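>>> Need a 3D model of the sequence below.
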Amino acid sequence: MAKIKCLLILILCVFALSAFKENSKITIFMIGDSTMANKDIRGGKMERGWGMMLKNFFTDDVIIDNHALNGRSSKSFIAEGQWQKVVDKIKPGDYVFIQFGHNDEKDDPKRHTDPGTTFDENLRKFVNETRMRGGIPVLFNSVVRRIFTNSKTAVADDDTRTNSSAGLVEGDTLVDTHGKYLLSPRNVARELNVPFVDANKITHDLEQGLGPDKSKTLHMWYLPNEIPSLPKGRQDNTHYNVYGAYTVAGLLADAISNAVPELKKYRCKYDVSVAKDGSGLYFDLQKAVDDIPAGVKTTILVGEGKWKKPVETKGQKIEYIMRDGASFVKK
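Below you'll find the predicted structure:
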């Protein structure tokens, strides 16, 4: 009987410690549009939002709860009840990352807002209601579109995921397509004393530095039959592929750490990430190892789930960092 009591006490202690560990974690809620959103990975789809990749750059002490959705503006996110779902979950000490603009620019009356008035009002609503729940809001402006020409269809192309300006000659200078929509998050952040991340400048500098050709490697730019999921190919200047979303998430994680010093201690860096949910650079751990050159010291972040330990054939120097819930299958 005494042994049973001891066992029950031990089990209760384990549950209590697990609950404490979970409750002690910081949650970052993310609200925004398709450039931030989680994506459907079925059939080998390659599109990713940067928010889907952000967890690679913070320790397991941080939970990323991404509510960003394709095609949403600040207006439609509220009208559809998506914002209320987030509000109901916010606890004191949680963060809410807010990034809208791409779809607020659209002519669609269900989504359109105006910078300086309705767009700013919605951003204030997100900020004030986050604070009412004890949360900490962080405002971002929009990431750039990869536009190196005077396109008149760049905004509309977001929805169709096409490049209607394909016939125009591209220059060497990135052209802004957001206008005053970039100012509203900055102005509201200043007005309400909210941390602000200039995602537009960060991604502008990235894409301008790469130039018109190399910047395509960040986006859903594929020739016909280049990847199985897009037999007809795609020219998409807005949405990121796996590499692009991972790269942007890493840059924004640095900026977040500077804008919100409390999060800096949770910032981490890995050379390669592997995950079954599409949030890593690779799905397959063995493939990730095979791509590492001989003698190169590499850290691999291994996502949740059971994994077969890969065979290292090139004398690589690999350190495996296992996320909570990740483990190697015992032989």
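>>> give me phi/psi at the closest residue to R124 other than its chain neighbours?
Counting by C-beta to C-beta, 6 or more residues apart in numbering, R124 lies nearest to V188, which is 5.9 Å off, once chain neighbours are set aside. Backbone N, C-alpha and C define where each C-beta goes, glycine included. V188 adopts backbone torsions of phi -70, psi -40, taken as degrees, to the nearest 10.
>>> Count the neighbours of V188 for me.
Residues lying near V188 (other C-beta atoms under 10 Å) number 22.
>>> again with R323
By the measure other C-beta under 10 Å, the count of residues near R323 is 18.
>>> residues touching T247, list them.
By C-beta atoms under 8 Å, 6 or more residues apart in numbering, T247 lies in contact with L206, L218.
>>> quick check: mean pLDDT across the one helix or strand it maps to?
If you go by DSSP states H and E, T247 is part of helix 242-259. Averaged across helix 242-259, pLDDT comes to 98.
>>> Can you give me the buried ones in the helix or strand just after it?
Moving toward the C-terminus from helix 242-259, the next helix or strand (DSSP H and E) is strand 272-274. With burial defined by 16 or more other C-beta atoms under 10 Å, the residues of strand 272-274 counted as buried are V272, S273, V274.
>>> ok, so what distance separates G135 from W50?
21 Å (C-beta to C-beta, to the nearest Å).
>>> Compare these two (neighbour count), which wins?
For G135 versus W50, neighbours defined as other C-beta under 10 Å are more numerous around W50 (29 against 22).
>>> Low-confidence bits of the protein, can you list those?
By pLDDT under 70, the low-scoring segments of the chain are 1-23, 331.
>>> got the domain boundaries for it?
Residue ranges for the domains of the chain, per automatic domain parsing: 20-269, 270-331.
>>> Quick one: distance of the shortest one to the chain centre.
Between the mean C-alpha location of domain 270-331 and the chain-wide mean there is a distance of 21 Å, by C-alpha atoms, centre = their mean, to the nearest Å.
>>> would you say F126 is within a helix?
Yes: counting by DSSP: H, G, I helix; E, B strand; the rest coil, F126 is part of a helix.
>>> which residues are in contact with stretch 310-327?
Stretch 310-327 has contacts (C-beta under 8 Å, 6+ apart) with 60, 270, 285-286, 288-290, 292-307, 328.
>>> Weed out the non-buried ones from these.
Counted by 16+ other C-beta under 10 Å, those give D60, Y270, L285, A288, V289, I292, T298, I300, L301, V302, G303, W307 as buried.
>>> what two of the residues you listed are the furthest from one another?
Of all pairs drawn from the buried ones among the contacts of stretch 310-327, the greatest distance, 23.5 Å, lies between D60 and I292 (C-beta to C-beta).
>>> beta partners of Q235?
W221 (DSSP bridges).
>>> My understanding was that it contacts W221; is that so?
Yes: here Q235 reaches W221: they are 5.7 Å apart, a contact under C-beta atoms under 8 Å.
>>> quick revisit: switch the buried residues of strand 272-274 over to CSV; also include distance to M46.
CSV is the format used below for these (distance: C-beta to C-beta, whole Å):
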residue, distance to M46
V272, 17
S273, 16
V274, 16
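>>> for stretch 105-112, which positions count as buried?
Neighbour-count burial for stretch 105-112 flags E105, K106, R111, H112 (criterion: 16+ other C-beta under 10 Å).
>>> Any idea how far apart the tips of it sit?
Stretch 105-112 has an end-to-end distance of 6 Å (C-alpha to C-alpha, to the nearest Å).
>>> what does that stretch rub up against?
Identification of contacts with stretch 105-112 by C-beta under 8 Å, 6+ apart yields 71-73, 75-76, 79, 103-104, 155-156, 158-159, 177-179, 181.
>>> Tell me which two in those are the farthest apart.
A79 and T177 (24.4 Å).
>>> Comparing those two, which residue is more hemmed in?
Using other C-beta under 10 Å as the criterion, A79 and T177 rank with T177 on top: 22 against 13.
>>> I'd guessed the more buried one sits against S151; true?
Yes: T177 is within contact range of S151, at 7.4 Å (criterion: C-beta under 8 Å).
>>> On the three-state scheme, the residue nearest to K45 when sequence neighbours are not counted is what?
Leaving aside its chain neighbours, K45 sits nearest to S229 (4.9 Å; criterion: C-beta to C-beta, 6+ apart). Following three-state DSSP, S229 is assigned to coil.
>>> and S229, what are its phi and psi?
phi -70, psi -10.
>>> what's it in contact with, if anything?
Counted by C-beta under 8 Å, 6+ apart, S229 has contacts G43, G44, K45, M46.
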